[in-house]
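Q: I would like to see how this sequence folds:
(2 chains)
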Amino acid sequence: GEQVEQRPPHLSVREGDSAFITCTYTDPNSYYFFWYKQEPGASLQLLMKVFSSTEINEGQGFTVLLNKKDKRLSLNLTAAHPGDSAAYFCAVPRGGGRALIFGTGTTVSVSP
Amino acid sequence: GGIITQTPKFLIGQEGQKLTLKCQQNFNHDTMYWYRQDSGKGLRLIYYSITENDLQKGDLSEGYDASREKKSSFSLTVTSAQKNEMAVFLCASSMRGEAEQFFGPGTRLTVL
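A: Predicted structure coming up:
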């Protein structure tokens, strides 16, 4: 079945720097993907839904890149600020699309 | 908008005890999910339910039972609590045919 690998598990950056997180997946037929953000002590909040038709997706303070050839999904927090400190999870639909497979998460720490 | 409520927020039990976690959603979503979140391991699917009275096993269903009593509620039972399953349990829901999931705040389980 589908497998998802997320790297790195932890990331420490200074305010204003970029933070780059990557997920690789195995199912070439996956046609949408998710990034979720989990702040400390809180639940998961949807950051962005990405369709396979779009390789570059711009959000507020971040960019999501999709490389279908390499089956790689990336989240780039541009000019990170302390409010970006959180765990980030990618998610890919399972075969059949009814549930999601989550990456193992990346804990991002942004210091002033 | 809607909300997902999980009770209790913290659950402490003895090893071998049967424990029940509850989830309610007012999104009127058809599908509901239970995930277990272990530190450093992402989210793993325990059970999901496509509609009332439906149950589908996830990757981690052994040692758990679930019950979809009505459309708005989904319960999870730990049949015999073990110390190695101390984790946060997250409930989620989604619309029929949509993979985007909305998450509850979680129940943190401690086993003594």
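
Q: Close to chain A: what parts of chain B are there?
A: B:31, B:33, B:35, B:40-45, B:48, B:50, B:56, B:58, B:90, B:92, B:99-106 (Cβ under 8 Å from any Cβ of the partner chain). From N, CA and C alone the C-beta is placed, and that goes for glycine too.

Q: Could I have the buried ones of these as PyMOL selection syntax?
A: If you want just the buried ones from the residues of chain B next to chain A in PyMOL, going by 16 or more other Cβ atoms under 10 Å in any protein chain shown, the selection is:
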select buried, chain B and resi 31+33+35+42+43+44+45+48+58+90+92+99+101+102+103+104+105+106
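
Q: The residues of chain B next to chain A in strands, which ones?
A: Applying DSSP state E to the residues of chain B next to chain A, the entries found in strands are B:Thr31, B:Tyr33, B:Tyr35, B:Leu43, B:Arg44, B:Leu45, B:Tyr48, B:Gln56, B:Leu90, B:Ala92, B:Phe102, B:Phe103.

Q: from the chain's centre, how far out does the lowest-mean-pLDDT helix or strand in chain A sit?
A: None of the helices or strands of chain A scores lower by mean pLDDT, DSSP states H and E than strand A:56-59, at a mean of 84. Counting by Cα atoms, centre = their mean, to the nearest Å, strand A:56-59 is centred 12 Å from the centre of its parent chain.

Q: which parts of whatever helix or strand comes next after that strand are buried?
A: Next in sequence after strand A:56-59, counting helices and strands by DSSP states H and E, comes strand A:62-67. Neighbour-count burial for strand A:62-67 flags A:Phe62, A:Thr63, A:Val64, A:Leu65, A:Leu66 (criterion: 16+ other Cβ under 10 Å).
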